[in-house]
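Participant: Coordinates for the following, if possible.
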Amino acid sequence: MKRLILLLPLALFLAIAVVLYRGMFLDPSELPSALIDKPFPAFSLPSVQDGKTITLADIKGKPALVNVWATWCISCRVEHPVLNKIAKLGVNIYGVNYKDDNAEAQKWLKEFHNPYQLNISDAKGSLGVDLGVYGAPETFLIDKDGIIRHKFVGVIDDNVWRDQLAPLYQAMIDEAKP
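Facilitator: Below is the predicted model:
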């Protein structure tokens, strides 16, 4: 019995060490999402640019990237030129300006250019909560029916676009063709 009590701390230490060791090899950009293969949450929020109401119906119809961004997000500033480049390729990108000041968002888009076809102002973060957003930037790929097919957490750079997201986006485009 004494032996068992002496081995208990060692067993506990080994169990914790295994869990921590496994964690070293996980990719933080691949956070699981319960929304994969589920409809994009319904919403009714103002546009960043003109305050007109945008709803789920406005982002359905074509495959798209839905990019959660904010002016306070340093990583979003790094990602923004890549989004502009992707938009010039004809990729449909919708923005969700997350927990941000609308005047600052308008200033940002004027200064750094606007890659978004529509830009939703989520000042209170309600849509972000429904999407399970941890922070910005996060990007969702939705199909033509508004079904979430993929979630990417972190900065989209040229490599991420080329190697991960572009093939998924192209597959959704091909799937949407009659």
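Participant: Residue 67: helix or strand, and which one exactly?
Facilitator: Assigned by DSSP states H and E, residue 67 belongs to strand 64-69.
Participant: same check, this time on residue 128
Facilitator: Going by DSSP H and E, residue 128 is in helix 126-131.
Participant: what about that helix, average pLDDT?
Facilitator: The average pLDDT within helix 126-131 is 96.
Participant: before we move on, what about stretch 170-178?
Facilitator: The pLDDT scores in stretch 170-178 average 91.
Participant: Take that stretch, keep the C-alpha atoms, and write them as CSV.
Facilitator: Only the C-alpha atoms of stretch 170-178 are listed here, as CSV (Å, rounded to 0.1, in the frame of the first residue of the first chain):
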residue,chain,number,x,y,z
GLN,A,170,-12.3,26.6,-55.5
ALA,A,171,-14.0,23.3,-54.6
MET,A,172,-17.0,25.3,-53.3
ILE,A,173,-17.0,27.3,-56.6
ASP,A,174,-16.9,24.1,-58.6
GLU,A,175,-19.7,22.6,-56.5
ALA,A,176,-21.9,25.6,-57.0
LYS,A,177,-21.7,25.4,-60.8
PRO,A,178,-24.9,24.0,-62.4
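Participant: Give me the phi and psi for residue 122.
Facilitator: Backbone dihedrals for residue 122, given as degrees, to the nearest 10, come out at phi -110, psi 60.
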